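**Student:** no sequence on this one, just coordinates:
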């Protein structure tokens, strides 16, 4: 993890910031010197801290646009500014599109696309009044750029999120920069639910060209970069953080038939 204080004095809000990828982002932002608010429906199991900094928790259901707008305005009022919004909250159960109630699919779209759209709008209302503007980072997924069987609504939402970021980068330039981090598989406390025991996690990791799943703090490092002055000319970009992607299935099929 970096210990550069390149975000010293900056104020960040990370949705879904109390566990998993979100908590990793929060810890890395703290290590970079930022003041960080972790916004989520439930508080963390323990304090989220790094390099002497400690995250502030504020309760939020991102699907409530009025609550989201109020939280961002309150953070700006309490800390004097709002420099970064990380739209990290999201996710989906395994749910083929032909199964389940239509309402469940609608709520997946709402969580993964509509909520970030409206939160970004509220953040922009604050950032556009600041002399040096601000930055927004969308946490996307490779599911938005490849077939996503069993999570089609989620994949469609993530595809829309990437397009949203590109559009907002043009609409809100030059005051607010908007970018997307497109994630592959990340190792979190929930990995066992998806991949099984340590052997299962390792086996899945071997399908990635770099040979392992990403760590949450590695996602955080990319967020720090996109929020920092080093990325001052980067907006409307999609940064792939997937360890090289996925090995094409046809290569294994071809090898098996030799």
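**Tutor:** The structure has been received and is ready for your questions. Only a predicted model underlies this, so the values are computations on that prediction, with no experimental measurement involved.
**Student:** where exactly do the helices run in the stretch 151-258 of the chain?
**Tutor:** Per DSSP state H, counting those that start in this stretch, the stretch 151-258 of the chain carries helices over the ranges 152-171, 191-195, 198-205, 216-227, 249-256.
**Student:** Throw those helices into a markdown table and include distance to residue 49, thanks.
**Tutor:** Where C-beta positions appear, they are placed from N, C-alpha and C, glycine not excepted. Shown next, in a markdown table, are the helices of the stretch 151-258 of the chain (distance: least, C-beta to C-beta, whole Å):
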| stretch | distance to residue 49 |
| --- | --- |
| helix 152-171 | 29 |
| helix 191-195 | 23 |
| helix 198-205 | 26 |
| helix 216-227 | 13 |
| helix 249-256 | 43 |
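**Student:** deepest of those helices, which one?
**Tutor:** Ranked by average neighbour count under the criterion mean count of other C-beta atoms under 10 Å, the helices of the stretch 151-258 of the chain are headed by helix 216-227 at a mean of 23.
**Student:** packing partners of it?
**Tutor:** helix 20-31, strand 134-141, strand 176-183, strand 238-241 (3 or more C-beta pairs under 8 Å, 6 or more residues apart in numbering; DSSP states H and E).
**Student:** do you know which of those lies nearest residue 97?
**Tutor:** strand 134-141 (16.9 Å; C-beta to C-beta).
**Student:** between the closest one and strand 176-183, what angle do the directions make?
**Tutor:** Orientation of strand 134-141 against strand 176-183 (axes from the mean of the first three to the mean of the last three C-alpha atoms, to 10 degrees) gives an angle of 20 degrees.
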